[in-house]
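J.: Using only what follows, build the 3D model:
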Amino acid sequence: MTTFPADDPDKAPFAGVLPAAPRPFVLGNGEGEKSLVFDQLFNILLSADETDDQYGAFTMVGPKGDRIPAHKHFKTHEIFYVVDGEISVWMDDQADYHSKTTLTTGDFAYIPANVVHAFQIHNTTKVFGVGTAGFERFFHAMGQKTDATEPQGIYVPDYPTMRAAGEKYWTQFMPEFQFRD
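T.: Numbers count the residues shown, from 1 in each chain. This is a model prediction of the structure:
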């Protein structure tokens, strides 16, 4: 992955929230770099800047909703750990692994790069995620900056915004992909 410059439009609006260097720090409950994407609040807790380009960490909180579109990340490995709630995760490696699993509080999923995946929240759910360094700010590229500590409202990015975020963060949206349910 590539660490993006300080003036990158996906991180410049958040300057000073995280230390932007690998040094110790603490965030209080609800602190971090926050963006609303659709009806989900993404909060970046740790970025490539703080981990010497190793990984990024974030939380996602969202209400019950529709399944997000299928997509895959070409360079990003992701984990989902359900802190509270219930979420279904679809994964398909386009070879021999096809699954739909409903995760509840305490459950964990790993999605390697190039695996098509999607998720659907079944009730208000909080997920802790970790991904390959640099990817964490994909949520800023797709979303709208917010100071909210809970998801409020809906922000639907237009298709050019989604496409640009996908290109920048090595993600392909695959809305026509059919999972084996």
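J.: got the end-to-end distance for stretch 9-24?
T.: 25 Å (Cα to Cα, to the nearest Å).
J.: Then stretch 128-144?
T.: Length of stretch 128-144, first residue to last, Cα to Cα: 20 Å.
J.: Give me the buried stretch members for it, please.
T.: Along stretch 128-144, these residues count as buried under the neighbour rule (16 or more other Cβ atoms under 10 Å): 129-143. Quick note: C-beta positions are derived from backbone N, CA and C, even for glycine.
J.: do stretch 152-170 as well
T.: For stretch 152-170, the buried set under the neighbour-count rule, 16+ other Cβ under 10 Å, comprises Y155, P157, M162, A165, G166, K168, Y169, W170.
J.: Check which element follows the longest strand along the chain along the chain.
T.: Scanning the chain for the strand with the most residues, using DSSP state E, yields strand 116-132. Later in the chain than strand 116-132, the nearest helix or strand by DSSP states H and E is helix 138-142.
J.: which other residues reach that following helix?
T.: Helix 138-142 is contacted from outside by 10-11, 13-14, 33, 35, 37, 42, 44, 58, 157, 161-162, 164-165, 168-169, 171, using Cβ atoms under 8 Å, 6 or more residues apart in numbering.
J.: Look through the chain and tell me its longest helix.
T.: Here the longest helix in the chain is taken by residue count, with DSSP state H as the criterion, and it is helix 159-168.
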